[in-house]
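Q: please find the sequence and the predicted model below.
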Amino acid sequence: MNAESTAFRASRPAVVVAPGGEGARAAPWLLAWPMRLAATPMGRRVMAAVVLAVVAVGAVGYLYDSADRPREAVAFRPAGLAASTPTGDATTARQTAASPVRAKPATTAAEVAAAWFAARQGVAADKVRPLQQRKVKANEVQVLVMAEAAGAKMPSRYVTVRKGPSGWKVP
């Protein structure tokens, strides 16, 4: 037996639409409806509002679809590394990279906060990133830092840094 077998179900009669029936009379009325609506002042306003809404939705959709890529919060050099690789042996370079102690004094509040938090957490200075900072006073800044510790642990904290005569320091 095949799927078209009529042994188990009766065949259905074909649907026939007579020309000049209700559907044929409703079609021109339905197709002419937007033009009749546009012929009235209120209809023109409604259609203008619909067109503006469609354009606005399309524009907002396009803007969300082509969003800017996020940038890094602060351009920063890892705290334990010098600006250029030392000419010494590989062990010295590894010790410098793994050491939470700074080779030279930090110049920005973000670097000072990152170095302090790295020493506090006991991780390498290049595993700590400053994410953002907010100004508290003229000489005081809070820096949000995050450390990449062992496993899935990622501790973060706001570190308050003050600028004194000798530079930025954590109080």
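A: Ah, there it is.
Q: ok, now how distant is the closest residue to Val161 other than its chain neighbours from Arg36?
A: Using CB to CB, 6 or more residues apart in numbering and skipping the chain neighbours, the partner closest in space to Val161 is Ala109 (4.4 Å). In short, each C-beta sits where N, CA and C put it, glycine included. Using CB to CB, to the nearest Å, Ala109 is found at 69 Å from Arg36.
Q: these two: which is more packed in?
A: Legend: neighbour count by other CB atoms under 10 Å for Ala109 and Arg36, higher for Ala109 (25 against 10).
Q: which residues touch the closest residue to Ala114 other than its chain neighbours?
A: Closest residue in space to Ala114, ignoring its immediate chain neighbours: Val128 at 4.5 Å, by CB to CB, 6+ apart. Neighbouring residues of Val128 by CB atoms under 8 Å, 6 or more residues apart in numbering: Ala79, Ala114, Ala115, Phe117, Ala118, Gln121, Val145, Met146, Ala147, Glu148.
Q: so, low pLDDT: which residues of this structure?
A: Where the chain drops to pLDDT under 70, the residues are 1-20, 67-106.
Q: okay, strands next: where are they in it?
A: Assigned by DSSP state E, the strands in the chain fall at 128-137, 140-147, 156-164, 167-169.
Q: wait, which of the ones you listed is closest to Gly23?
A: Closest of the strands of the chain to Gly23 is strand 128-137, at 64.7 Å (criterion: CB to CB).
Q: mind listing what's buried along the closest one?
A: For strand 128-137, burial by neighbour count (16 or more other CB atoms under 10 Å) applies to Val128, Arg129, Pro130, Gln133.
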